[in-house]
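In: No letters, just coordinates:
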Ligand code: NI
């Protein structure tokens, strides 16, 4: 499993370098003697054949991951799959894609245009998942235009292929062993939670509770100059056993729908 661990380490390195507050939270947990393990990590993409879920999942599938769930998000026009490895110490991999057919031709053309500028060698490489924005320097004008239709698309245009978030497994924490305790801890340390749909998404009855911090602002060099926009976020998940005593391993679409809004700082 060495190679898979290398993939996650590399994704973590890129993620925390771009979003220093994530490393800060991780360090605050370890300072409390908590062992931080990942419930899942998540990627975003468009449903174009060259970069679809099926393409992004390849490096994981080839190393033993298997598809374990499908999800629809009609309001956000997203489809997602999650993948699991038989080694339960490895995180689930959650990959969503924007369904472009649900948007008008202008929007679709705008996206096809910058995807066409992607380096074809990177598109065919297993390194695609680490490659970030592969269509050159972004335009703030295009970013704003995309944002009018889909905040998800705007984020993806600027950040591209990287971990959109890692998720701490609350089940594996000792002292901070509930979502409530984790949220209190984060707020005490000055972090802002995503409270869209409430600070806690999901219930013990649904077998999954999740929370997340709002993405921090990161400075991006646009064609028009440097601007600060929301980057990645950190998520927290607590799973409950089902009636057979088996820990729930899937996702709850209506909760994930609200978690997507963690990169949306315009939303109050
Ligand atoms: Ni997530």
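Out: Good, I have the coordinates. Since this is a predicted model, take the numbers as computed values, not measurements.

In: Get me the contact residues on the chain for the ion.
Out: Proximity of the chain to the ion is confined to 42, 167, 235 under the rule CB under 5 Å from the ion. In this view, the C-beta of every residue, glycine as well, is placed from N, C-alpha and C.

In: I'd like those residues written out as CSV, with secondary structure and neighbour count added.
Out: Shown next, in CSV, are those (DSSP: H, G, I helix; E, B strand; the rest coil; neighbours: other CB atoms under 10 Å):
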residue, secondary structure, neighbour count
42, strand, 24
167, strand, 24
235, strand, 25
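
In: which one of these is nearest residue 89?
Out: Residue 89 lies nearest to residue 167 out of these, by CB to CB, at 14.6 Å.

In: you'd agree the closest one is up against residue 37?
Out: No - Residue 167 is beyond contact range of residue 37, at 9.8 Å (criterion: CB atoms under 8 Å).

In: Give me the common contacts of the two.
Out: With contacts taken as CB atoms under 8 Å, 6 or more residues apart in numbering, residue 167 and residue 37 have residue 91 as neighbours in common.

In: Can you list the buried residues in the least confident helix or strand in the chain by mean pLDDT?
Out: In the chain, no helix or strand scores lower on mean pLDDT, DSSP states H and E than helix 253-259, which sits at a mean of 87. Judged by neighbour count (16 or more other CB atoms under 10 Å), helix 253-259 contains these buried residues: 255-259.

In: got it, and stretch 157-171?
Out: In terms of neighbour count (16+ other CB under 10 Å), stretch 157-171 has its buried residues at 157-170.

In: ranges for the strands of the stretch 1-150 of the chain?
Out: Taking DSSP state E, counting those that start in this stretch to define them, one finds strands in the stretch 1-150 of the chain at 38-46, 66-73, 78-84, 92-98.
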